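> This is a predicted model, with the sequence first.
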Amino acid sequence: MGSRRLLLLALVAFAAAICGVFIGRVIADQPRASETELHALLHNKLELTAQQQVKIDAIEARFAVRRKALDLEMRAANARLAEAIESEHGYGPKVTAAIDHSHFAMGELQKETLEHLFAMRAVLNPEQAKMFDSTVVKALTADAR
């Protein structure tokens, strides 16, 4: 009877982990409203000069390539996590390592996103930067409200 309960618990934990990975991928793949708002601000409301627009476009193009690579790395980390869960059927060393790798990939994306934002901010004049900062702060605190 005890081994059946353990097997059932392992199956439930595995199913929950797979659901978590699936939900995480769905959420990560959707553009956030805050990103859309920031893009709208940059391209429609800040009245960028032609020179600023060229610089912003170059910054965005470089980041798009890097973001794609980081997104692929996060997907690979999720796949490794799923494999580790399937292999260990519990919270073992492979699962722990896969979680750590997943957190590292997410952290790298966050760091490089901020570097991207600061690079764009550096192109702006003081008035534009103030509007930009306000939008970034609003986006970062939207979920806290």
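Structure received.
> Looking at this structure, which helix is longest?
helix 50-88 (DSSP state H).
> buried stuff in the helix or strand that comes right after it?
On the C-terminal side of helix 50-88, the nearest following helix or strand under DSSP states H and E is helix 93-121. Using 16 or more other C-beta atoms under 10 Å as the test for burial, helix 93-121 gives 94-95, 98-99, 101-102, 105-106, 109, 116-117, 119-120. C-beta: built from backbone N, CA, C; applies to glycine.
> Tell me the one among those nearest to Ser134.
Leu117 (13.0 Å; C-beta to C-beta).
> Excluding chain neighbours, what is closest to the closest one?
Val136 (6.3 Å; C-beta to C-beta, 6 or more residues apart in numbering).
> Check Gln128 too.
In space, Gln128 is closest to Leu46, 4.7 Å off (C-beta to C-beta, 6+ apart).
> What of Glu73?
Glu73 sits nearest to Ala105 (C-beta to C-beta, 6+ apart), 4.7 Å away.
> same thing with Gly92?
Excluding its sequence neighbours, the residue lying closest to Gly92 (C-beta to C-beta, 6+ apart) is Ala84, at 7.6 Å.
> Distance check, that neighbour against Ile56.
For Ala84, the distance to Ile56 equals 41 Å [C-beta to C-beta, to the nearest Å].
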